[in-house]
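# Got a sequence here, can you model it:
(2 chains)
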Amino acid sequence: MSDQVTVTINGKEIKVPEGTLIIQAAKMAGIDIPHLCYCECLPSTGSCRVCLVEVEGGKGLVASCAQKVKNGMVVDTDTEKVREARRFVLELILSNHPGDCMSCDKNGACDLQKYAYELGIEKTSFSMKDPGYDVDRSNPFIERNYNLCILCGRCVRICKQQGADIIDFVKRGMVTKVATPMDRPLQESGCDFCGSCLAVCPVGALVEVDRRFCGREWEMKETKTVCSYCGCGCELVFSTVDGQIMRATGEVSCDYICSKGRFGWDFVESSERITKPLIKKDGVLTESTYEEAIKVVAERLIDIKKKHGANSIGGFMGAGNTNEVAYLFQKFLRAGIGTNNIDSSARFLGFPALIDLYEALRDGAVVSMKDVEEADVLLLVNADLTASYPRVGASVKKAILNGAKVVVIDSKKTEISELADLHIEPQVDSEEFVLSGILKELLEENLHDEKFTKKCKNFDEFKKSLDGLKVETIEKETKTSKDFLKEAAKLYGEGKKTIILFGAETVSSQSMGLIADIALLTGRTKASVLPCLLSSNLRGTIYMGALAGFYPGARRANEIGNDFKKIWERDLPDEMGLSAMEMVENMGSSVLGMYIVGADPVAQFPNSSKVAKAFSSLDFLVVQDVFLTETAKMADVVLPGATLAESNGTVVNLEYQTKEVKAALEPLAKPDWETIADLSERMDYTMEYSSEKEIAKEIKSLVPIPKKIEKNTYDFIVVKPKKSGEEPDGKYPYALIVGETSFGFYDGQRTRNSKLSILELNKGNYAGFNPEDAESLSLKEGDAVLISSRRGKITTSVKMLGSLPKGLLFMPSCHEERGVLASDNVDSKLKSPQHRLIAVSVSKGGASK
Amino acid sequence: MGKIDVKEEQNRVFICTGTGCILSGADRVNAAFKEEFKKRKISEIDIVQTGCHGFCQQGPIIVIQPEGIFYPMVSAENVARIVEEHLLGGKIIDDLLYKDPSTGEKVPFYKDINFYKKQTRIVLRNCGQIDPEEIDNYIEHGGYEALKKVLSEMTPEEVVEEVKASCLRGRGGAGFPTGIKWDFARKASGDVKYLICNADEGDPGAFMDRSVLEGDPHSVLEGMMIAAYAIGASVGYIYVRAEYPLAVKRLKIAVEHVKKKGFLGKNILGSSFNFEIKIKEGAGAFVCGEETALMASIEGRRGTPRVRPPFPAQSGLWGKPTNINNVETLANIAWIIINGANKFAAIGTEKSKGTKIFAVTGKVKNGGLVEVPMGTSLREVIFDICGGVKDDEEFKAVQIGGPSGGCLPAEFLDTPIDYESLTQTGAIVGSGGMVVMDESSCMVDLARYFLAFTQKESCGKCVPCRVGTKRMLEMLQRMTKGESNEEELVLLENLAQDIKVSSLCGLGQTAPNPVLTMFKYFRKEFEEHVKEGRCRAGVCSELIAYIIKENICKGCGVCKKHCPVGAISGEKKQPHEIDVAKCVKCGICMQHCPFDAIYVAE
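Residues are numbered from 1 along each chain as shown, chains lettered A, B, ... in the order given. Predicted coordinates for the structure are as follows:
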């Protein structure tokens, strides 16, 4: 607790914590001091001079945004002297600012306009000059009109704090201007288009291109909902005019949201959306009605069930739907159809291994962004945060600004690794050895929590297993000196508030175990491990039971007793249910009908040509989606899906917080839950819900979210490190990994249909090469290249990526053909594909798309 | 005058190689001496290249020691004579001697020259007396004795107390008591502390810091070491303008020499004191002389000031406690330690102690660097030391303190120069620039000139300075063109006042000072420009006309020949005429007229 000081502001006495700025203290006293350069979330510069106040006994006027209160301070914020100075400053600004309020989008939301009005300034006393800058309209996201800029520097500071740090003031005096290096356009300057600058600009200098001339501030309707992209689940506020989105912002103006959140929503308005049900007639998908389509689906599924049994039907869904949709979908399959053949994208994004980690760590795996920002040591394992889960990346950057030390384990360079105190770049696919090495060093350096480990009953077993692993083996497998591992162990072990962050879809299930072990070995069981999740409702999808082998509440299918039977009023199948890849294996033989919601297995599943063949052998396929995906193209019936921006419900984000999704737009299609419920009705399993709220109520009676596990002892996860990917060999000499990019996302379905795609080479259809590798293969940027793996081959474009080590290729996960190369080798226990690393060969040529 | 160390019987030639004298040809003189010595196989006479003597208007200057004979404006052609007649012949060359401008008498001895006689040289004690590139020369003159004294006999607290007792105030402009500043830094807690020497001298016309750095760099280094010892700093920076190449060069040599002597590094002179000095060259932004902008620049950031507090003593360079002193301030320190605070405090006035160097320029007979006790009157400096106004014109005004200072009329000539007295007039001591003006200077034009400078040098961070100075400049520009009006006069004054109270840093807060004092003391001139469209000094080209007096013009045609725009017409031997519409008022005709037939009409 900081000490309180007493200050008097405009005659009002108030106690505030020591170190409070005058402007903040005034706010606490209910007094708003006009300000332009000051922003609560940014360090003060005191440069606009609008917030000047009088301090008794002080010399001259004081910038209230840059001066802290002192005990006994007497402040006046509204004397004639102050008003005069304020008016003077505003008049000066106005003398250098075109009075284009009529056509300015910020009219009504402009701070300069507001204060000028409040002080009754009709016209500046000074001669007016138009700065005469060209307006930058070279990108479709941010319009930059520096004629309107008042040089408050908020954009510069926020770009430094949470953006790409690419703008600053250039020149000086009257010709001072905010610019990128060499004043290049944003898209050529490394801008990550988070748009934070837009959110803090107090005037009309920076505005969203989308909203230009499309609606006045006061006409906008605001809807607070959740972003539909990654698992960060950021709260978004959509501003709409006449049912059209004008912009997306954070809840508070300086809240970080990434380029996808701020600009990537436009896929919702894409002309490629499916708006009507489609039924395949003579091999052609033809527009139809809901009535007819539902009837066809029901009849065909009933028919297959009758002929081949319920287990000949399977369901698969993405992990980006609301909890309500996920719950209803698995309920439909389990209770309505009578099969446990229900799986989801979660299978490919870290589950079910993550369930083990959650259970091993409990509260330890519940980490908020605030925790990250306050941490003093962060350990990142295979997590390209700024590309994959940008909000986490922004929080890590903030932590770094706050002085946190960062250790990165990643074979390639990332934005954060460039800022890290230690970057361990092990041999690709050897993370398990690195993590084991760190565990060994923690023990050797006596940095483990002995009091805690004594309480863990399998500590000895765990230690014995570690002792069996030789340092030489680790060094050999990782090609990393143990000195680095020791340094990492020391940094981590000596930290006070440490968090391990890893990409759930980029580390092996064994690595997850080792990560849990590192936290446990040091006795860190509170907010100590953050699994970064790629999909917007990954954790929710699992807790709704959309994963083979698991019922709602992540309860194992063989441990559910009669709980669900009672509420669902149906007998439930005895089988554990087939996982996604098992369903594919059995298509055409024992699996004959599939229902897919919000996912594109044909393009996404590993070894996709084999998958396509399997799907084509089905008797019946129904796909419910937003776009006509590769899978939908093969379907017998296609049902329109709704986007999150049109849906109501809830999702669970990676912080383990349940967030409310609210429709900002009138849906182009029926809500997904309604379509599922209608189908269920047709199949004689009644689902009478009047709204998603009723579904939520039913979920609540079955699944407490967040799930509480009461247990006081912890167990280590004993792991024998290994490499899980394909080893490159003479025939396939390169290793290829698939990962996220800044402007592409997951299967690319949404980003391809967004203008964000212009920021990725070929909309993300490329392969990244280390420049030395490219040179040895005589490849140049943009060249067509043929890449082959044991599964198949694709032709794509070359992109130089200096972030890659030699021998490693990178492919964006949004690449349309990424599934062709990937291995469908499945981990026997977890039944998830171990496809992180693919051995490939490369040859120049082929026709690039 | 400091002691001159010479082998009694031996002649030595002291050639001033300050920037001023180099520009007027000191290098050529130096080469000529060497050449002459070589030719005549003279090896027993030393040639000493010294720093600035301060009497820059008379450069190149040489002084022949041990007698101290002063030869001003020496050219390479004079060298053979000096060698032949003076050095070998033992005869003072009368026609090369300095002639006192008021009495017209020849003054052979350096010490008898009025310009020097009336000065008290503490900071400039060694300038012109030693070779700044030879540390031993400095040591022979008592250099580094003060450092030895503090390290062996004094605690840091005692050093701070001594400087406090001397009442030395910062010479960079603000006049904050140096001892108190040191005390803040001494008491601030921090594992690392920094000491910065501010050598970013940027006021137009001020060059005392440059001369000290060029003429006696070790006095600054010694001052820094003592300051560092007093406050507990382990690293020192000299932030010096890159536009001072000679100062940078001599500083670098000095730092190298000091390192070799073991006065820098670990355990200096066997004590536990560790100190190192780094030289950082500034890129020439005026605002980087402001403490916080200076630190930002050292840190590699954009050189813009920030709001204080926190003051540098709490959070300065890289967030560590930092003490920043100006060159002249630091050059006083060793003297104070050796001679004692009392001796220093005995010089000057009640509140302003010691001496101050002024750089006197403009319409003055003997311009240059003048170090006088605080409290000396303006008249003594301008008339007694510098010989009065050039060509014995009427004194009109003196601008003191550079672009942050003020402009004072004749009625203030007897004002004592100290911090308080000058502040009362609206001017400031500032860094010590003094520009003397006669009636040919237009106050409005001068105000425009100073504003153009500060406006150009505004960093652009805060609104009042960035936009306000620009608007002020525009108004003044209109006034010099006769395009203004009386309302604008009022607006200008209000604008100036508002900029003063609302700007972020000292640059903006003082930028209106020249205008405000000129307003106060020369308001009539502004009114003439605005109301009557008249420039009495005949400077503002838009308000004047060049006229040929018919009765004097002989019709020689010289003016017509030189006019660059063909505005002059007339038949041979007939009075010529200037076409006012074509005339661009360059004044070339007037310069060339052999009969003084052309005059400026308001």
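# So which bits of chain B are right by chain A?
Counting by CB under 8 Å from any CB of the partner chain, chain B comes close to chain A at B:285, B:287, B:302, B:304, B:306-307, B:309, B:455-464, B:466-471, B:474, B:491, B:494-495, B:498, B:501-504, B:509. From N, CA and C alone the C-beta is placed, and that goes for glycine too.
# cutoff 7 Å now
Within reach of chain A by CB under 7 Å from any CB of the partner chain, chain B has these residues: B:302, B:307, B:455-456, B:458-464, B:466-468, B:470-471, B:474, B:491, B:498, B:501-502, B:504.
# Quick one: classify the residue lying closest to A:Gly72 once chain neighbours are set aside as helix, strand or coil.
Nearest non-adjacent residue to A:Gly72, counting by CB to CB, 6 or more residues apart in numbering or on different chains: A:Thr6, 6.6 Å away. State at A:Thr6, reduced to three classes by DSSP: H, G, I helix; E, B strand; the rest coil: strand.
# how far away is A:Thr176 from chain B?
3 Å (CB to the nearest CB, to the nearest Å).
# How many residues are close by that residue?
Using other CB atoms under 10 Å in any protein chain shown, A:Thr176 has 20 other residues around it.
# who's in contact with it?
Shown in contact with A:Thr176 (CB atoms under 7 Å, 6 or more residues apart in numbering or on different chains): A:Leu151, A:Phe169, B:Gly460, B:Arg466.
# Now do the contacts for the residue sitting nearest the centre point of chain B.
Nearest to the mean C-alpha position of chain B, by CA atoms, centre = their mean, lies B:Ala206 at 2.2 Å. For B:Ala206, the contact set (CB under 7 Å, 6+ apart) comprises B:Ala359, B:Gly402, B:Ser431, B:Gly432, B:Gly433.
# Go ahead and confirm the last one touches B:Met208.
No - between B:Gly433 and B:Met208 no contact is recorded; they are 8.8 Å apart, counting by CB atoms under 7 Å.
# Pull up the overlap in contacts between those two.
Shared contacts of B:Gly433 and B:Met208, defined by CB under 7 Å, 6+ apart, are found at B:Ala359.
# Settle it for me: which of those two has more neighbours?
The residue with more neighbours, out of B:Gly433 and B:Met208 and counting by other CB under 10 Å, is B:Met208; that gives 29 against 24.
# If we ignore the residues flanking it in sequence, what's nearest the more buried one?
Leaving aside its chain neighbours, B:Met208 sits nearest to B:Ile357 (4.0 Å; criterion: CB to CB, 6+ apart).
# contact partners of the one helix or strand the one you found maps to?
For B:Ile357, the host element (DSSP states H and E) is strand B:355-362. Residues external to strand B:355-362 that are found in contact with it (CB under 7 Å, 6+ apart): B:120, B:122-124, B:171, B:205-208, B:328, B:347, B:367-374, B:381-382, B:386, B:417, B:429, B:432-437.
# now do stretch A:150-157
For stretch A:150-157, the external contacting residues (CB under 7 Å, 6+ apart) are A:36-37, A:39, A:42-43, A:45, A:47-48, A:93, A:97, A:112, A:167-169, A:176, A:178, A:197, A:200-203, A:206, B:460.
# hmm, back to that, can you tell me the SS state at the residue nearest to the centre of chain B?
Look at B:Ala206: counting by three-state DSSP, its state is coil.
# What values do phi and psi take at it?
As for B:Ala206, its main-chain torsions (degrees, to the nearest 10) stand at phi -100, psi 130.
# how near is it to chain A?
When B:Ala206 is compared with chain A (using CB to the nearest CB), they lie 21 Å apart.
# What about the nearest residue to that residue once chain neighbours are set aside? Give its phi and psi, please.
In this structure, B:Ala206 finds its nearest non-sequential neighbour in B:Gly433, 4.0 Å apart by CB to CB, 6+ apart. Summarising the backbone geometry of B:Gly433 under the convention degrees, to the nearest 10, its torsions are phi -80, psi 140.
# what's the neighbour count on the residue nearest to A:Gly72?
The number of residues near A:Thr6, taken as other CB under 10 Å, comes to 13.
# what does B:Gln509 give?
Residues lying near B:Gln509 (other CB under 10 Å) number 18.
# Could you do B:Ala31 as well?
Neighbour tally, B:Ala31, other CB under 10 Å: 12.
# Where does pLDDT dip in chain A?
Counting by pLDDT under 70, chain A shows low-confidence ranges at A:1-2, A:704-711, A:834-835, A:846-849.
# Break it into its domains for me.
Under the assignment automatic domain parsing, the domains of chain A span A:4-78, A:104-269, A:278-349+A:543-688, A:376-532, A:734-843.
# Between its first and last residues, how far does stretch A:427-435 reach?
End-to-end distance for stretch A:427-435, by CA to CA, to the nearest Å: 13 Å.
# Check chain A for its longest helix and report it.
helix A:290-308 (DSSP state H).
# Show me the contact partners of it.
The set of residues external to helix A:290-308 that reach it, using CB under 7 Å, 6+ apart, is A:277, A:279, A:312-313, A:337, A:592-593, A:619-620, A:622, A:637, A:639, A:670, A:678-679, A:682-683.
# Now for residue 569: which residues touch it?
Defaulting to chain A. For A:Glu569, no contacting residues are found, by CB under 7 Å, 6+ apart.
# ah, I was thinking of chain B
With contacts taken as CB under 7 Å, 6+ apart, B:Ser569 has the following neighbours: B:His576, B:Glu577, B:Asp579.
# how about the residue of the stretch 401-550 of chain B found nearest chain A, secondary structure?
Each residue of the stretch 401-550 of chain B has a distance to chain A, by CB to the nearest CB, and the smallest belongs to B:Gly460, at 3.1 Å. Applying three-state DSSP to B:Gly460 yields a three-state assignment of coil.
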